[in-house]
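>>> All I have is the shape, not the residue letters:
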């Protein structure tokens with residue numbers, strides 16, 4: 001775990017960006033697993049302006065230049081479309097990254113870290129656990145709108161920032177390699193969890209095969225559609241802005257919807273240790289469906305719609321084997337807060353998979369009802 005930066009260190013890094021005003025303070029911000037994030041406050045006379053300073057984890061995002069090129073293409077396209085639609089509060093609807101003094105949109109700190117900086121979207125908040133069916137509807141509609149808004153992105157294919165990111169066939173192979181290598185000597189202690197995964201190995205290639213067959217199209221997708229990657233307006237609760245754009249790249253719309261099911265229709269957070277609290281909430285799932293299809297029915301094809309339920313089970317399963325594989329490897333990928341954190345996460349995700357399996361027929365009926373009444 002990285003040591004928290006001092007105020008002087010934060011000010012030194014931020015000085016690489018041309019920011020008006022005087023540095024006031026900086027402190028850790030957000031709850032992300034991968035990058036190190038700080039909020040910076042600057043004073044401009046009697047006014048305060050706030051920024052988000054973030055160290056890109058280059059062990060995972062190995063080509064930060066390509067990553068930022070993707071993000072700038074996406075946010076630029078979003079901004080142009082909103083302007084054309086007459087939207088005026090653009091600073092609250094689209095992330096705005098600040099250029100570095102030396103050119104480009106990243107800077108290298110004295111310790112070798114790669115940093116970027118964007119304006120803080122004021123008067124917003126995020127939630128780690130869904131709070132209402134209305135919020136679920138708005139969140140799903142926001143992510144569907146994000147996908148729909150990028151259907152006409154010009155300039156060719158985005159960079160594939162993490163190859164095979166949601167290639168579940170590849171993810172399962174990585175998991176099996178982790179089990180075989182058993183780097184941290186933990187495999188024997190998690191034999192039951194490994195057996196759970198092995199019993200569902202046929203699930204892994206389903207969507208990959210459909211994409212290879214051309215039955216499911218490649219789209220530009222967010223690839224990390226957790227509720228806490230939506231900024232919600234403090235006053236109204238409206239979903240304003242999609243954030244955490246590092247994994248925006250070519251993918252399947254089903255991967256995005258599946259991750260929403262995983263993260264937003266579960267009755268507990270993804271690291272809840274009390275598994276009795278972890279189950280699929282069918283009311284929340286229905287709200288997600290209605291929100292997503294309120295926009296998505298305009299661009300999804302019938303095969304995508306037919307696999308909406310499976311996508312929730314698949315992406316939950318994928319995240320479970322990723323957490324479990326990282327635990328077996330010795331916790332080399334995800335940030336952890338205690339030694340068995342990744343194992344708790346894996347057990348949590350597998351419990352949700354089992355709950356989805358229990359209610360799969362009911363979920364499928366909900367899809368047909370919502371589609372048929374559109």
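Structure's in. What do you need? All of these numbers come straight from a predicted model, not from anything done at the bench.
>>> For stretch 144-154, which residues meet the burial criterion?
144-150, 153 (16 or more other Cβ atoms under 10 Å). Where C-beta positions appear, they are placed from N, C-alpha and C, glycine not excepted.
>>> Now do that stretch: everything it contacts.
73-74, 77-78, 81, 219-222, 242, 253, 256, 291-296, 298-299 (Cβ atoms under 8 Å, 6 or more residues apart in numbering).
>>> filter those residues to the buried ones?
73-74, 77-78, 219-222, 242, 253, 256, 291-296.
>>> and stretch 259-269, average pLDDT?
Mean pLDDT, computed over stretch 259-269, is 91.
>>> One more: stretch 171-181?
pLDDT averaged over stretch 171-181 gives 98.
>>> swap in stretch 48-59?
95.
>>> So which bits of it are buried?
So, applying 16+ other Cβ under 10 Å, buried residues of stretch 48-59: 49, 51-57.
>>> same deal with stretch 174-182?
Counting neighbours by 16+ other Cβ under 10 Å, one finds that the buried residues in stretch 174-182 are 174-176, 178-179.
>>> hey, which helix is longest across this structure?
helix 341-372 (DSSP state H).
>>> quick revisit: quick check: strands, which of the contacts of stretch 144-154 are part of them?
219-221, 242 (DSSP state E).
>>> about what we covered before: closest one to residue 308 out of the buried residues of stretch 144-154, please.
residue 144 (11.6 Å; Cβ to Cβ).
>>> quick one: what helix or strand has the closest one in it?
Using DSSP states H and E, residue 144 maps to helix 133-149.
>>> sec struct for the nearest residue to residue 135 once chain neighbours are set aside, please.
Nearest non-adjacent residue to residue 135, counting by Cβ to Cβ, 6 or more residues apart in numbering: residue 237, 6.5 Å away. Secondary structure for residue 237, judged by DSSP: H, G, I helix; E, B strand; the rest coil, is coil.
>>> Correct me if wrong: residue 237 contacts residue 138.
Yes: contact criterion Cβ atoms under 8 Å: residue 237 and residue 138 qualify, at 7.5 Å.
>>> higher neighbour count, those two?
residue 138 (20 against 15; other Cβ atoms under 10 Å).
>>> correct me, but the more buried one touches residue 238?
Yes: shown here, residue 138 and residue 238 form a contact pair, counting by Cβ under 8 Å, at 6.7 Å.
>>> on that earlier part again, biggest separation within the buried residues of stretch 174-182, which pair?
174 and 179 (10.0 Å).
>>> Tell me the residues that contact both of these two, please.
With Cβ under 8 Å, 6+ apart as the test, residue 174 and residue 179 both reach residue 325.
>>> picking up where we left off before, which two of the buried residues of stretch 144-154 have the greatest separation?
144 and 153 (15.7 Å).
>>> which residues in the stretch 51-200 of the chain form helices?
Counting by DSSP state H, counting those that start in this stretch, the stretch 51-200 of the chain has helices at residues 64-84, 133-149, 168-181, 191-198.
>>> Need the contact partners of the first one.
Among residues not part of helix 64-84, those counted as contacts by Cβ under 8 Å, 6+ apart are 56, 58, 61, 90, 93-97, 104-106, 114, 116, 149-150, 153-155, 158-159, 161, 220, 245-246, 248-249.
>>> And it, what's buried?
Going by neighbour count (16+ other Cβ under 10 Å), the buried part of helix 64-84 is 64, 67-71, 73-75, 77-79, 82.
>>> pLDDT of it, averaged?
Here the average pLDDT along helix 64-84 is 97.
>>> That helix vs helix 133-149, what angle?
Counting by axes from the mean of the first three to the mean of the last three Cα atoms, to 10 degrees, helix 64-84 lies at 100 degrees to helix 133-149.
>>> Then the shortest one?
When the same axes, to 10 degrees is applied, the directions of helix 191-198 and helix 133-149 differ by 50 degrees.
>>> Now do helix 191-198 against helix 168-181: the angle between them, please.
Using the same axes, to 10 degrees: helix 191-198 against helix 168-181 is 150 degrees.
>>> Can you tell me what sits against helix 191-198?
In this structure, residues lying in contact with helix 191-198 by Cβ under 8 Å, 6+ apart are 172, 175, 179, 187, 317, 320-321, 324, 343, 346-347, 350.
>>> Please state the mean pLDDT value computed over that helix.
98.
>>> Determine how far it lies from the middle of the whole chain.
26 Å (Cα atoms, centre = their mean, to the nearest Å).
>>> Repeat that for stretch 8-20.
Distance, centroid of stretch 8-20 to centroid of chain: 28 Å (Cα atoms, centre = their mean).
>>> buried residues in that stretch?
9-11, 13-14, 16-17, 19.
>>> Helices - which of those residues land there?
The helices, defined by DSSP H, take in 9-11, 13-14 from the buried residues of stretch 8-20.
>>> so can I have JSON lines of the buried residues of stretch 48-59 showing distance to residue 38?
Output for the buried residues of stretch 48-59, formatted as JSON lines (distance: Cβ to Cβ, whole Å):
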{"residue": "49", "distance to residue 38": "15"}
{"residue": "51", "distance to residue 38": "9"}
{"residue": "52", "distance to residue 38": "7"}
{"residue": "53", "distance to residue 38": "5"}
{"residue": "54", "distance to residue 38": "7"}
{"residue": "55", "distance to residue 38": "8"}
{"residue": "56", "distance to residue 38": "13"}
{"residue": "57", "distance to residue 38": "14"}
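>>> So of those residues, which two are at opposite extremes in space?
Most distant of the buried residues of stretch 48-59, by Cβ to Cβ, are 49 and 57, 26.3 Å apart.
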